[in-house]
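[1] this is a predicted model, with the sequence first.
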Amino acid sequence: MRVTSEVLVWWLGLTGLWLLTLVTPSLPETVAAAVVALPCAFAARAARRAVGEVWRPRARWFRWLLRVPGNAVRESGQALVKLVRHPRAGRFATVDLPDEPEAVHHARVAAAAAVVGSTPGTMVVATPPDDRELVVHRLLGDSRLLDEVRR
């Protein structure tokens, strides 16, 4: 049952991600998303197992996804203005994460990299294996989404 539930979560997430990229979803696009996401879900599970980590995500983290569309739109405009004015803009920063059990930490890092990387203002560059931190590249100043991820 554990394999089925993990693959189902990956499949739903990947299908949803595909659908979020569409301006006007249609039945053929929805079917294509569902079909293509299935082998990707199995590959995602295999990749997670190959790394040898156990993930224990928290349900409250799913609200991060709700912030992505608004942040992506807002940060896209800000990033465009910033890059026109300052082509070499951006800096690296280290962001501390909460001290939590190993399985929860690994899940937070994976979720944070996906969610934060979905917006143009900040990108996760590295996740040092023995540290409770993320190394990020910030094009813009503060990131509300990143602030929520580190709580």
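    That came through fine. This one's a predicted model, so the numbers in the text were calculated from it and none came from an experiment.
[2] R45 versus the residue most central in space within the chain, what's the distance?
    In the chain, the residue lying closest to the centroid (Cα atoms, centre = their mean) is A114, at 1.4 Å. Separation of A114 from R45 (Cβ to Cβ, to the nearest Å): 15 Å. For glycine as for every other residue, the C-beta is placed from the backbone atoms N, C-alpha and C.
[3] before we move on, what about R108?
    19 Å.
[4] ok, these two, which is more surrounded?
    When R108 and R45 are compared for neighbours, R108 comes out ahead with 23 against 17, by other Cβ atoms under 10 Å.
[5] secondary structure element for F92?
    strand 91-96 (DSSP states H and E).
[6] what lines up beside that strand in the sheet?
    Paired strands of strand 91-96, with direction, are strand 133-138 (antiparallel) (DSSP bridges).
[7] what's the mean pLDDT across the helix or strand encompassing the residue nearest to the centre of the chain?
    Assessed by DSSP H and E, A114 sits inside helix 102-116. Average pLDDT, helix 102-116: 86.
[8] who are the packing partners of the helix or strand following that helix?
    Once helix 102-116 ends, the next helix or strand along the chain (criterion: DSSP H and E) is strand 122-126. When contacts are defined as 3 or more Cβ pairs under 8 Å, 6 or more residues apart in numbering; DSSP states H and E, strand 122-126 sits against helix 102-116, strand 133-138.
[9] can you give the distance of the helix or strand just after the last one from its chain's centre?
    If I follow you right, that is strand 133-138. Scanning forward in sequence from strand 133-138 by DSSP H and E, the next helix or strand is helix 144-149. In terms of Cα atoms, centre = their mean, to the nearest Å, the centre of helix 144-149 is found 12 Å from the chain centre.
[10] now do stretch 22-29
    Distance of stretch 22-29 from the chain centroid (Cα atoms, centre = their mean) equals 22 Å.
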